[in-house]
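Colleague: here are the coordinates; sequence isn't available:
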């Protein structure tokens, strides 16, 4: 059994990515950010769909196509279709932000 | 955007199941229990694997094969292989228990 809120380092120079489940059809990851954002001008352009939920902290995602952004607080979930270019614009510096990501398709 | 902690009814005669994502390879569900348990003598025997995490509340799962049980608190996650017979032995009556389940394979 793995606890998603355990083993969060106090000092986090880079985002922390851990694979919780790697199966044929799906990969589940825990991501811990602490004030991190995607590099300037960088956009994720992923082969798979990604369903993601913020469990702790706060974050802002930005989408290239329509220049929209979404603010996410604990419990907020969204499905990002494959190749929908997006970036993490902001995560709160006040506390770690814990994401759960389900890569699928 | 869907928030996993919103729209939790105060009165919950039955467990509440909602499909958050239904894709080719994966189905993601929110389950809200409030003191519910599986019927006496009932065992889940599922075609798919199920990765599940407790996000709020507390629960106890029981497995038929080795008669083991696991107590789950917020953040605790476990992968239950297909056809591993299990039941929900207990969920706390003190507050709603919010589960996130990823059915896969």
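Modeller: Cool, got the structure. Keep in mind that this is a model prediction, so the values were computed, not measured.
Colleague: For chain A, which residues are neighbours of chain B?
Modeller: Selection of chain A residues close to chain B by Cβ under 8 Å from any Cβ of the partner chain yields A:1-6, A:20-21, A:23-26, A:28, A:49, A:51, A:53, A:55, A:70, A:72-79, A:100, A:102, A:104-105. Heads up, the C-betas are built off the backbone N, CA and C, glycines and all.
Colleague: For chain A, just list every one of the strands.
Modeller: Secondary structure of chain A (DSSP state E): strands located at A:2-3, A:16-22, A:26-33, A:49-56, A:59-63, A:69-72, A:76-80, A:86-91, A:97-104.
Colleague: which stretch among those strands comes nearest residue B:63?
Modeller: Taking Cβ to Cβ, strand A:2-3 is the member of the strands of chain A nearest to residue B:63, at 17.2 Å.
Colleague: Note down every partner strand of the closest one and its orientation.
Modeller: Using DSSP bridges, the strands paired with strand A:2-3 are strand B:76-80 (antiparallel).
Colleague: Identify the residues contacting residue A:27.
Modeller: A:19, A:21, A:48, A:102, A:103, A:104 (Cβ atoms under 8 Å, 6 or more residues apart in numbering or on different chains).
Colleague: burial count for the third one?
Modeller: So that's residue A:48. 15 (other Cβ atoms under 10 Å in any protein chain shown).
Colleague: Now the terminal residues of stretch A:7-15, how far apart.
Modeller: In stretch A:7-15, first residue to last residue: 13 Å (Cα to Cα, to the nearest Å).
Colleague: mean confidence score for it?
Modeller: Per-residue pLDDT values over stretch A:7-15 give a mean of 92.
Colleague: Residues contacting that stretch, please?
Modeller: Contacts for stretch A:7-15 (Cβ under 8 Å, 6+ apart): A:16, A:31, A:32, A:33, A:34, A:36, A:96, A:98.
Colleague: Could you turn the buried ones of the residues of chain A next to chain B into a ChimeraX selection?
Modeller: The ChimeraX command for the buried members of the residues of chain A next to chain B (criterion: 16 or more other Cβ atoms under 10 Å in any protein chain shown) is given here:
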select /A:4,5,20,21,26,28,49,51,53,55,72,74,75,76,77,79,100,102,104,105
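Colleague: just to revisit the earlier point, can you list the contacts of stretch A:7-15 in CSV and add distance to residue B:62 and neighbour count?
Modeller: Shown next, in CSV, are these (distance: Cβ to Cβ, whole Å; neighbours: other Cβ atoms under 10 Å in any protein chain shown):
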residue, distance to residue B:62, neighbour count
A:16, 33, 17
A:31, 31, 19
A:32, 31, 24
A:33, 36, 24
A:34, 37, 22
A:36, 40, 20
A:96, 33, 19
A:98, 28, 21
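Colleague: Alright, that wraps it up for me.
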